[in-house]
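Colleague: Structure, please.
(3 chains)
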Amino acid sequence: MPELPEVETMRRDLAPLLRGRRIRRVRVHHDDLILGGLSARSFSRAVLGRAFGDADRRAKYLLFPLHAAEGIDGPVERLMRVQVRMTGRFALASERPDSPEFRHPGLDLELDDGRTLFYDDVRRLGGFDLLTPEAWKARADALGPEPLGRTFTAARLARIVAPLRAPIKNTLLDQRRVAGVGNIYASEALYRAGIDPRRPAGSLDTEEVRRLHRAVRAVLREALESAGTTLRDYRAVNGRSGSFQTRLAVYQREGVGCPGCARPISRIVQAGRSSFFCAGCQS
DNA sequence: CTTGTACCCTGACCGC
DNA sequence: TGCGGTCAGGGTACAA
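Modeller: Numbers count the residues shown, from 1 in each chain, chains lettered A, B, ... in the order given. All right, here's what the predicted structure looks like:
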């Protein structure tokens, strides 16, 4: 469930706490959390002793630059990339939180200030990998624009959708087209823009693309201000909940009256995911 | 190049 | 009280 606003909220929580801290000890509770063909042993060896630079985010990835032990003024030696996917979450504390939210230890990074960064992931769909800055650049170049960034204009979105026949909902979920939008905000943005999620992406006219562009940006910005949407699994750092769930217009509201026309919200399945929309307001 | 589908994983929930 | 089935969905692998 974590999409751009949720992952960015995690980044904002973690960045100031991690900056300059060295990794003193590593504990991998489940080997399958280490991705990219790396063994847990090599991962641990590679991060041990290194220091955190400023945490970054791209799409739904958290990026932790790791510097040589001498300090964070030197070059980035490795990027520790984390994808939390559905149920990954972080706590930063001197002891593992004694709460149900942190009952599934995944990976612990003990820091030089005595605190530990705890990664917990019930379903273990998320994970960690290590990339050189060059390897990361190649991956990042394959991702679509950041929807809250300057390069994401209505004209850019128009160029992205123009040649595509896939449904516009699927296009919004495709990280190579637009980075960071997931199932919740795709449905919410299409609702705000008044566009049926089944419409072929390339069939949107200039005015519809303009509305969609504004809607995507607005919904992500507002969700970010609310620290994300906590429906069941997502938590920001140390168990903190987001609050955007109170402002959802259609997502997970099948049968509930549309805020605009009171007609019941519909649910369909696209690309194996639920889409929610109002058949009256979206066309 | 495009588009679609299976898979990973656990827990919540539902009907019986 | 248990038990099987379904669903949640991000990203990737792979097929067509």
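Colleague: So which residues of the stretch 151-283 of chain A form strands?
Modeller: Listed in chain order, the strands of the stretch 151-283 of chain A (DSSP state E, counting those that start in this stretch) span A:266-270, A:273-277.
Colleague: next one: the biggest helix by length in chain A to chain centre, how far?
Modeller: If you go by DSSP state H, chain A has its longest helix at helix A:206-225. Offset of helix A:206-225 from its chain centre (Cα atoms, centre = their mean, to the nearest Å): 17 Å.
Colleague: helices or strands next to it in the packing?
Modeller: Under the contact criterion of 3 or more Cβ pairs under 8 Å, 6 or more residues apart in numbering; DSSP states H and E, helix A:206-225 touches helix A:4-18, helix A:154-161, helix A:183-193. For glycine as for every other residue, the C-beta is placed from the backbone atoms N, C-alpha and C.
Colleague: how near is residue A:109 to DNA strand B?
Modeller: Distance from residue A:109 to DNA strand B, counting by Cβ to the nearest atom of the strand, to the nearest Å: 22 Å.
Colleague: and that residue, bridged to which residues?
Modeller: With DSSP bridges applied, the residues forming beta bridges to residue A:109 are residue A:26, residue A:117.
Colleague: Quick one: residues contacting it.
Modeller: A:23, A:25, A:26, A:47, A:116, A:117, A:119 (Cβ atoms under 8 Å, 6 or more residues apart in numbering).
Colleague: Near the residue nearest to residue A:179 when sequence neighbours are not counted, how many other residues are there?
Modeller: Nearest in space to residue A:179, with sequence neighbours left out and distances taken as Cβ to Cβ, 6 or more residues apart in numbering, is residue A:59 at 3.7 Å. When neighbours are counted by other Cβ atoms under 10 Å, residue A:59 registers 22.
Colleague: cool, residue A:135 as well?
Modeller: By other Cβ under 10 Å, the residues close to residue A:135 number 15.
Colleague: Doesn't it lie inside a strand?
Modeller: No. Looking at residue A:135 with DSSP: H, G, I helix; E, B strand; the rest coil, it is helix, so not inside a strand.
Colleague: The residue in the stretch 1-150 of chain A that DNA strand B sits nearest to: how many residues sit nearby?
Modeller: Nearest to DNA strand B in the stretch 1-150 of chain A, going by Cβ to the nearest atom of the strand, is residue A:123, at a distance of 3.6 Å. Using other Cβ under 10 Å, residue A:123 has 11 other residues around it.
Colleague: and what of residue A:29?
Modeller: Applying other Cβ under 10 Å, I find that residue A:29 has 15 neighbouring residues.
Colleague: Phi, psi for it please.
Modeller: Phi and psi for residue A:29, reported as degrees, to the nearest 10, are phi -80, psi -30.
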